[in-house]
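S.K.: need the 3D shape of this:
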Amino acid sequence: MLDFSEKIVFITGASGGLGGQMARDFAKYGATVVAHDFGVPDAAAKLMADLGRGHLEVEGDLTDPAVVREIVAKIDKAFGRIDVLVNNAGASPNKMAFSELPVALWDKVVSINLRSVFLVTQACLPLLERSAGGRVINISSTAARNGGAPGGAAYAAAKGAVSSLTKAFAKDFCEKGILVNAVAPGLIDTPFYGGVNVADKYAERLKGIPLRRAGAPADIAGPVLFLASSLASYITGEVFEVSGGLSLMA
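M.R.: Predicted coordinates for the structure are as follows:
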């Protein structure tokens, strides 16, 4: 059975569909959750109410180094360490043909999805080193492998870098006893897709998925919890695609 008792788990983007599921599941198995939110106060309030007392909410722009330092300082003051860091925060705003893609939008997407992973992991490293077996789990995407949907070049590039950075982190952190892996979701039914009925909007795309359905947030949270657990103590530097068998069709 999974047991995260006395573990401090920091999840970025915890007010989103995937992050919220992860936060609730970690708490279910005994973890103390630090839930990060930026710009979704209603969802964050609901999450913290569900988690109950003893957990910590932090907020702010993770592409700003000063904000990241402030957040990590709060975690340090409250708990003194981080056992599991889940770099989940990300977004793919305003899909646009590459020929029309402005530099400002490219920079925004890369900052949200890649720069944040760099800044947060670097700031959290001293706290992870205080853990007896720290873990870093990055959320990548199948777009890192297949280039993603049309108009999503910046997102695919950023997530590709997250997958590569996962391997670089794993090499750098192994002597510190910190394991680093990534989970790469495929089509998952969350508000990431604009709150639409994913099954209806992506009916044609679902035909290309061997399991013939979109994933649910729990389908991603499960592998994340596994990688954070003692069951995964000999795994580092891996990117696990969770896509209903989509890689079989490549």
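S.K.: use CA for all of it now, contacts and neighbours both
M.R.: OK.
S.K.: tally of neighbours for residue 234?
M.R.: Using other C-alpha atoms under 10 Å, residue 234 has 8 neighbouring residues.
S.K.: residue 6 - how many residues pack around it?
M.R.: 10.
S.K.: any idea how far residue 149 is from residue 38?
M.R.: Residue 149 is 25 Å from residue 38, where distance means C-alpha to C-alpha, to the nearest Å.
S.K.: the two: which has the busier surroundings?
M.R.: More neighbours surround residue 38 than the other of residue 149 and residue 38, with 17 against 11 (other C-alpha under 10 Å).
S.K.: would you confirm that the more buried one contacts residue 12?
M.R.: No: checked against C-alpha atoms under 8 Å, the pair residue 38 and residue 12 is beyond contact range at 9.1 Å.
S.K.: okay, which residue is most central for the protein?
M.R.: Nearest to the mean C-alpha position of the chain, by C-alpha atoms, centre = their mean, lies residue 88 at 1.8 Å.
S.K.: which SS class is residue 20?
M.R.: Recorded secondary structure, residue 20: helix (DSSP: H, G, I helix; E, B strand; the rest coil).
S.K.: what about the closest residue to it other than its chain neighbours, helix or strand, and which?
M.R.: Closest residue in space to residue 20, ignoring its immediate chain neighbours: residue 14 at 4.9 Å, by C-alpha to C-alpha, 6 or more residues apart in numbering. Using DSSP states H and E, residue 14 maps to neither a helix nor a strand.
S.K.: and for residue 14, the neighbour number?
M.R.: 32.
S.K.: figure out the helix or strand that the spatially closest residue to residue 245 that is not a sequence neighbour lives in.
M.R.: In space, and not counting its chain neighbours, residue 245 is closest to residue 210: 5.5 Å by C-alpha to C-alpha, 6+ apart. Under the criterion of DSSP H and E, residue 210 resides outside all helices and strands.
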